[in-house]
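1. Here's a sequence, model it:
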Amino acid sequence: MVLHIIYLLIIGLVAGGIARLLVPGKDPIGLLGTIVVGIVGSLLGGFLADEIQYHRWSHSIHTSGIIGSIVGAIIVLIVARFATHGRA
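-> Next up is the predicted model:
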């Protein structure tokens with residue numbers, strides 16, 4: 001269980017970091033925010049992979065691979081920017 005959490009944190013950091021590098025602009029979210037974006041992006045990527053692969057709604061929540069995690073993190077980052085646009 002502890003190794004799974006450590007793995008999730010590392011994948012979240014890598015996916016969130018790459019997403020922040022690929023999406024231009026400034027994000028004042030820090031290291032913890034980057035990890036959260038990566039983890040949520042990984043869960044979103046797993047959901048989207050099920051939709052593309054099986055063409056149906058999946059009732060399970062799981063993480064995806066690193067590519068799906070990065071794509072999901074990019075989507076989460078863009079949505080978060082639109083949600084916070086105008087605040088500061």
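2. what's the longest helix in this structure?
-> helix 30-54 (DSSP state H).
3. can you pull the buried residues of that one?
-> Neighbour counts over helix 30-54 (16 or more other C-beta atoms under 10 Å) mark 34-47, 49-50 as buried. Where C-beta positions appear, they are placed from N, C-alpha and C, glycine not excepted.
4. lowest confidence element among the helices and strands of the chain?
-> Ranked by mean pLDDT, DSSP states H and E, the weakest helix or strand in the chain is helix 30-54, scoring a mean of 84.
5. what packs against it?
-> helix 2-22, helix 66-83 (3 or more C-beta pairs under 8 Å, 6 or more residues apart in numbering; DSSP states H and E).
6. Including mean neighbour count, could these go into CSV?
-> Converted to CSV, the helices and strands packed on helix 30-54 look like this (neighbours: other C-beta atoms under 10 Å):
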stretch, mean neighbour count
helix 2-22, 16
helix 66-83, 19
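7. Next, name the residue at the spatial heart of this structure.
-> Nearest residue to the geometric centre of the chain (C-alpha atoms, centre = their mean): Gly41, 1.6 Å.
8. Quick check: that residue touching Gly72?
-> Yes - between Gly41 and Gly72 there is a contact under C-beta atoms under 8 Å: 3.5 Å.
9. any common contacting residues for these two?
-> By C-beta atoms under 8 Å, 6 or more residues apart in numbering, Gly41 and Gly72 have these common neighbours: Ala15.
10. Would you enumerate the residues in contact with the closest residue to Gly41 other than its chain neighbours?
-> Leaving aside its sequence neighbours, Gly41 sits nearest to Ala73 (C-beta to C-beta, 6 or more residues apart in numbering; 2.8 Å). Neighbour list for Ala73: 15-16, 18-19, 37-38, 40-42, 44-45 [criterion: C-beta under 8 Å, 6+ apart].
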